[in-house]
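In: I need the structure of the sequence given here:
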Amino acid sequence: MSIVFISMTFFATAQISTPKPSPLAKTSQAFGLNEVTVEYSRPGVKERVIFGELVPYNELWRTGANAATKITFEDDVKINGNDLAAGEYSLFTVPAENVWKVYFNRDANASTGTFNAADNALEIDVKPSSTCEKVERFAISFNDITDESLVTRLSWDKTKVEFKVETEVEALVMDAIKTAMAGVSSRTYYDAAMYYYNNDKDLKQALEWVNKAVAMEEEPKFWMLHNKAKIQAATGDYKGAIKTANQSLDLAKAAEYGHYIHLNEQAIKEWSAKK
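Out: From the prediction side, this is the model:
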């Protein structure tokens with residue numbers, strides 16, 4: 001009797017772990033000064049016909065399994081050119097053969113049963129296309145990432161849909177530069193100058209800032225002088241650029257810093273042929 005009781009107790013309390021049919025996933029991507037995060041479940045194809053059968057056409061879909069997919073934007077964005085405020089949204093779709101509807105719903109915890117179209121912050125239409133290979137588990141990925149944008153891709157089986165997410169970069173950086181200038185430091189001026197140089201902005205302003213950065217240093221920095229020379233060359237002042245590069249070269253040699261010795265020698269040779 002006791003053996004039977006022990007066996008029954010074991011089977012009543014034992015827990016068996018098995019793989020989840022639609023495992024949870026969370027992925028984030030930084031771009032520019034922004035970040036986007038998605039949280040969703042990933043059902044598998046499992047030899048089923050997905051779109052048009054398992055996921056019916058022209059019906060609301062939670063865009064995954066279990067709870068609706070959640071998408072979060074750290075700052076304001078544009079989705080396919082449409083404004084969307086920063087925040088958390090549930091991501092619903094209505095798949096169809098030729099056009100999918102994509103809804104960004106303000107109720108981040110909405111479900112198919114509680115979905116209210118009045119809460120949609122944004123509705124867009126996107127065209128589906130075929131994937132090169134079969135995608136067994138539903139996937140949301142970020143592609144074509146730049147400082148200003150990325151493409152969010154939803155793919156499952158042999159179908160994918162995409163929408164472009166754009167973020168503000170230049171205005172935010174410019175505002176940050178202006179704000180930072182109130183507490184100026186050598187590094188602040190230098191970083192602002194290099195941002196202007198690297199992004200093809202006002203080179204006259206970049207040169208003014210890099211000159212201030214160099215002047216504020218107790219001891220001249222060879223790397224700072226080298227980049228000043230590059231800004232001078234970009235303005236067409238090759239004579240001035242060569243003079244500055246020679247100063248940087250002497251300091252780099254004194255510091256035995258081979259990389260900048262090479263960079264300066266290369267630059268001087270190139271600019272000498274242009275002056």
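In: going forward, measure contacts and count neighbours with C-alpha atoms only.
Out: Fine.
In: Just list whatever residues bridge to Glu88.
Out: Per DSSP bridges, the residues bridged to Glu88 are Thr72.
In: is it true that it touches Ala108?
Out: Yes. Between Glu88 and Ala108 there is a contact under C-alpha atoms under 8 Å: 5.7 Å.
In: Give me the more crowded residue out of those two.
Out: Glu88 (20 against 17; other C-alpha atoms under 10 Å).
In: so who does that one touch?
Out: 70-73, 106, 108 (C-alpha atoms under 8 Å, 6 or more residues apart in numbering).
In: Closest one to Val184 out of the residues you listed, please.
Out: Phe73 (31.6 Å; C-alpha to C-alpha).
In: quick one: least confident helix or strand in the protein?
Out: helix 2-13 (a mean of 54; mean pLDDT, DSSP states H and E).
In: What is the helix or strand following that helix packed up against?
Out: Sequence order places strand 24-31 as the next helix or strand after helix 2-13, per DSSP states H and E. Other helices and strands packing on strand 24-31, by 3 or more C-alpha pairs under 8 Å, 6 or more residues apart in numbering; DSSP states H and E, are strand 34-41, strand 149-167.
In: returning to that earlier point: quickly list what's touching both of Glu88 and Ala108.
Out: Taking C-alpha under 8 Å, 6+ apart as the contact rule, Glu88 and Ala108 both touch Lys70.
In: Contacts only, for the residue lying closest to Leu33 once chain neighbours are set aside.
Out: In this structure, Leu33 finds its nearest non-sequential neighbour in Val169, 6.4 Å apart by C-alpha to C-alpha, 6 or more residues apart in numbering. By C-alpha under 8 Å, 6+ apart, Val169 lies in contact with 32-33, 147-148.
In: Throw together a ChimeraX command that grabs the buried residues out of those residues.
Out: In ChimeraX syntax, the buried subset of the contacts of Val169 is picked out as below (16 or more other C-alpha atoms under 10 Å):
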select :32,148
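In: which two from the contacts of Val169 end up farthest apart in space?
Out: It's Leu33 and Glu148 that sit farthest apart of the contacts of Val169, by C-alpha to C-alpha, at 8.8 Å.
In: Mutual contacts of the two, please.
Out: In contact with both Leu33 and Glu148: 167-169, using C-alpha under 8 Å, 6+ apart.
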